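Enquirer: Fold the stuff below for me.
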Amino acid sequence: MARTAPSKDGPRANKRGAARLAAVQALYQMDLAATPLNDILGEFEAHWMGQEVEGEKYLPAEANFFRDVVKGVVAEQRRLDPMIDAVLSKGWPLVRIETVLRAILRAGAYELDRKPEVPARVVVSEYADIAHAFVERDETGLVNAVLDQLARQLRAGEFEGAR
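Expert: Predicted coordinates:
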């Protein structure tokens, strides 16, 4: 598991960034090990967020935001996956994408779709940063490109007049 570095944007941004990272890790574990939702929420809140694990200090996370993203992705996955598939390159459906990338793309798509109070550019940037902690540069670029396209579809108003 990766940890997140302190943000220059202050404590709330740190806690929200840590919540996103924890949500991606929880979604990854759920996908890989078929861990039930309530079990994963309890495990992460009790043993990971804000704790020291194997010598690594994990930042405190905004627990409500963490829960919202994880529960939201699980509840909306059947709707989110086709949206992501439509943006991915032909021949590379979401099911063929590495598990951690699937978790990142689903969490980012959920926020873009259901969290209009969070600016789209922040969502794209945050999840690209999370991807960077787990995968190579090319795959980070994939996350950035897919989420940027989704952002422009789901939140076109935020991009009007911007070039």
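
Enquirer: pLDDT (mean, whole number) over the longest helix seen in the chain?
Expert: Ranked by number of residues, the top helix in the chain under DSSP state H is helix 63-87. When pLDDT is averaged along helix 63-87, the result is 96.

Enquirer: Show me what the next helix-or-strand element following it is packed against.
Expert: Remark: after helix 63-87, the chain's next helix or strand is helix 99-114, criterion DSSP states H and E. On a contact count with 3 or more Cβ pairs under 8 Å, 6 or more residues apart in numbering; DSSP states H and E, helix 99-114 meets helix 11-33, helix 63-87, helix 120-134, helix 137-154. The way it works is simple: take the backbone N, C-alpha and C, and place the C-beta from them, glycine included.

Enquirer: so what secondary structure elements neighbour the longest helix of the chain?
Expert: Using 3+ Cβ pairs under 8 Å, 6+ apart, helix 63-87 is in contact with helix 11-33, helix 37-47, helix 99-114, helix 137-154.

Enquirer: Can I get the helices and strands packed on helix 99-114 in TSV including distance to residue 40 and mean neighbour count?
Expert: Listed next are the helices and strands packed on helix 99-114 as TSV, based on distance: least, Cβ to Cβ, whole Å; neighbours: other Cβ atoms under 10 Å:
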stretch	distance to residue 40	mean neighbour count
helix 11-33	5	21
helix 63-87	7	17
helix 120-134	17	20
helix 137-154	22	18
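
Enquirer: possible to save those as CSV with distance to residue 160?
Expert: As requested, the helices and strands packed on helix 99-114 are exported to CSV (distance: least, Cβ to Cβ, whole Å):
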stretch, distance to residue 160
helix 11-33, 26
helix 63-87, 20
helix 120-134, 12
helix 137-154, 10
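
Enquirer: and the longest helix of the chain with helix 11-33, angle?
Expert: 60 degrees (axes from the mean of the first three to the mean of the last three Cα atoms, to 10 degrees).

Enquirer: what's in contact with helix 63-87?
Expert: 15-16, 19-20, 22-23, 26-27, 30, 37, 40-41, 44-45, 49, 93-94, 105-107, 109-111, 113-114, 146, 149-150, 153 (Cβ atoms under 8 Å, 6 or more residues apart in numbering).
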